[in-house]
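Chemist: have a look at this prediction, sequence included:
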Amino acid sequence: MLFMVLFLVSLIFIFYTYMGYPLILIIYSKIFNQVTQKKDVIDYFPKVSLVIAAYNEEKVIEEKINNCLELEYPNDKLEILIGSDGSTDRTNEIIKKYAGDLIQFYNITDRGGKTNVLNTLVPKAKGEIIVFSDANTLYEVNALKEIVQPFVSSEVGGVCGNLKFINPNNNVGGKGEGVYWKYEKLLKRIESKIHSVIGANGGIYAIRKKLFRFIPTNTIIDDFVISMTVIKQGYRLLYEDKAIAYEDTSLSLSDEFKRKIRIGAGDYQSIKILKSLLWFEDLKVSFAFWSHRIFRWLIPFCLIILFISNIFLLDMNFFQVMFIIKIVGYLLALLGYYLDKNGLRLGKLYIPYYFVSMNLALFLGFIRFLTNKQSVTWDKVERND
C-alpha cells in the first residue's frame, strides 16, 4: 500500500507541475479575464541605467557595446555601466576604448562573481530604472523603450523582457532549451496577467532602483533573487513581450548540462533567501511560487521515487505497463546520448534525452547545494563566435 501511495502521489505531482499548473493559470485568466492594463504613453523616457557584468568576454563585448550604442533611447536619459569581474583576457582593453560620458567602465580586479559586480555598480547608477543585461545578450533597438513602459504604473516594480534563443549549430541542447523556453514564456505571459512573473532571466530585465537590495555575496542565481525581491516588497513583476533580446544557446548539451547544474544549486539556495514568499500575504504569489518553481525543483526526487516504488508493484499488470514505459523512456534518453556523443542525428529523441539530462543536472545541483561546493563565480560556457 505504501509503495502504491508513493507511486500515485509522485505521478500526480509530476503531472500537476508540467500540465496541471499551466491549465489552472489558463482557466483562471479566462474566468477572471485578467489583463494587465498599460497606459498608452508614447514619450515615457525615465532615466535608465543599463548594467552589464562581464568576465573574459573579449569575443562578444565589442558587439554588445555597439548594440547598446544603437539602442533607440535618448542619450541624456541613458547611462551604461560595465563592470569587469577580474577579466584576464582583452575584455578590459576593449571596453576602455568606448569608455566616456555614456559608457562607464569599472574594473573590479578581485574576482568575486556577478553578485559582487552588481552590488558595486547599482549604487553608482543614477537611473530611476535599472536594466540588467548579460554581455552575450543583444537587444532589439526599441527594447529599452518597451521594457520601461509598464513602469508608468506605480504598482509595477520590475519587468522581465522577451529573451529569444538562437541555436547557432542546431545542437540538441539548443533544441531542448528552445522548447523549454517557449513553455516558460507561456507561463510568464499568464502569470503577468494574474499578478507577477515568478522570476526574470538575467539577459533582459529591469527594476526600480529604489527596490534594489544588496544580494548576499554567495548568491548563485542573482537574476532570480533580485527580481523576486521586487515582489517581496509588495510590487508586481511583469512580462513585456515587446522588449526583445537575443542570446545564443550553449554549443552542446554537455555545456548546457554544466550550466544547469550551477543554476540548480542556485535554485535550492534561493528558497532560503526568498522564504517569505512561501507564505506571502498575496496568496496568488505563493501559489505561483510553489507551483512554478518549488514543485519543479522537486521533480528529480519524484522521478526517483516513481521508479523505485514501481519496482515493488510489478505483481500488478498496470504497474508492469508503467514500468515498461519508464524503462523505454530512459533507454530512449540513453540512445539519444549515444547518438549525440557520436555526432549522429537524433530526430525527436532529443526530447527524452534533454528531459532526463536537465533533471539529472537539477539533482546534481541539489548535491552541490548541500555540500556547498558550487562557486559563486561563473565558468564561461562556450558559445558561437
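Modeler: The structure has been received and is ready for your questions.
Chemist: use CA for all of it now, contacts and neighbours both
Modeler: Will do.
Chemist: quick check: the closest residue to residue 216 other than its chain neighbours vs residue 211, distance?
Modeler: Distances taken as CA to CA, 6 or more residues apart in numbering place residue 115 nearest to residue 216, at 7.7 Å, with adjacent residues excluded. Distance of residue 115 to residue 211, given as CA to CA, to the nearest Å: 16 Å.
Chemist: more neighbours, these two?
Modeler: Between residue 115 and residue 211, residue 115 has the larger neighbour count (other CA atoms under 10 Å), namely 23 against 19.
Chemist: where does the more buried one land in three-state SS?
Modeler: Secondary structure, DSSP: H, G, I helix; E, B strand; the rest coil: residue 115 is helix.
Chemist: what does the model give it for pLDDT?
Modeler: Note on residue 115: pLDDT of 94.
Chemist: offset the numbering so it begins at 29, please.
Modeler: OK, 29 is where the count begins now, so the last one is residue 143.
Chemist: that one reaches residue 247, doesn't it?
Modeler: Yes. Between residue 143 and residue 247 there is a contact at 6.6 Å, judged by CA atoms under 8 Å.
Chemist: so what sits against both of those two?
Modeler: Residues touching both residue 143 and residue 247 (CA atoms under 8 Å, 6 or more residues apart in numbering): residue 404.
Chemist: and stretch 231-240, which residues are buried?
Modeler: For stretch 231-240, a neighbour-count test (16 or more other CA atoms under 10 Å) marks 231-237, 239-240 as buried.
Chemist: from those, which is closest to residue 91?
Modeler: Nearest to residue 91 among the buried residues of stretch 231-240: residue 231, at 15.0 Å, using CA to CA.
Chemist: pretty sure the closest one is touching residue 171, no?
Modeler: No. Residue 231 is beyond contact range of residue 171, at 11.8 Å (criterion: CA under 8 Å).
Chemist: buried stuff in the helix or strand hosting residue 358?
Modeler: Element membership for residue 358, per DSSP states H and E: helix 345-369. Buried residues in helix 345-369, counting neighbours by 16+ other CA under 10 Å, are found at 347, 350-351, 354, 357-358, 360-365, 367-368.
Chemist: who are the packing partners of that helix?
Modeler: Helix 345-369 is packed against helix 327-339, helix 378-399, with contacts defined by 3 or more CA pairs under 8 Å, 6 or more residues apart in numbering; DSSP states H and E.
Chemist: tilt between it and helix 378-399?
Modeler: Angle between the axes of helix 345-369 and helix 378-399 is 90 degrees (criterion: axes from the mean of the first three to the mean of the last three CA atoms, to 10 degrees).
Chemist: picking that back up, tell me the most buried of the helices and strands packed on helix 345-369?
Modeler: Of all the helices and strands packed on helix 345-369, helix 378-399 carries the top mean neighbour count, a mean of 21, counting by mean count of other CA atoms under 10 Å.
Chemist: mean confidence score for that one?
Modeler: 95.
Chemist: quick one: residues in contact with that helix.
Modeler: 200-201, 203-204, 281, 285-286, 288-294, 296-297, 325, 327-329, 357-358, 360-362, 364-365, 402.
Chemist: chain center to that helix: distance?
Modeler: Here helix 378-399 is found 15 Å from its chain centre; the criterion is CA atoms, centre = their mean, to the nearest Å.
Chemist: restricting to C-alpha, output it in CSV.
Modeler: Output of helix 378-399 as CSV, limited to C-alpha atoms (Å, rounded to 0.1, in the frame of the first residue of the first chain):
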residue,chain,number,x,y,z
TYR,A,378,16.3,14.9,-28.2
ILE,A,379,13.1,15.3,-26.1
PRO,A,380,13.6,12.4,-23.7
TYR,A,381,17.4,13.0,-23.8
TYR,A,382,17.0,16.7,-22.8
PHE,A,383,14.3,16.0,-20.2
VAL,A,384,16.4,13.3,-18.4
SER,A,385,19.6,15.3,-18.7
MET,A,386,18.1,18.5,-17.2
ASN,A,387,16.5,16.7,-14.3
LEU,A,388,19.8,14.9,-13.6
ALA,A,389,21.5,18.3,-13.7
LEU,A,390,19.0,19.6,-11.2
PHE,A,391,19.6,16.7,-8.9
LEU,A,392,23.4,17.2,-9.1
GLY,A,393,22.8,20.9,-8.4
PHE,A,394,21.0,19.9,-5.2
ILE,A,395,24.0,17.8,-4.2
ARG,A,396,26.3,20.8,-4.8
PHE,A,397,24.0,23.0,-2.7
LEU,A,398,24.0,20.5,0.2
THR,A,399,27.8,20.1,0.1
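Chemist: angle of it against helix 327-339?
Modeler: Using the same axes, to 10 degrees: helix 378-399 against helix 327-339 is 110 degrees.
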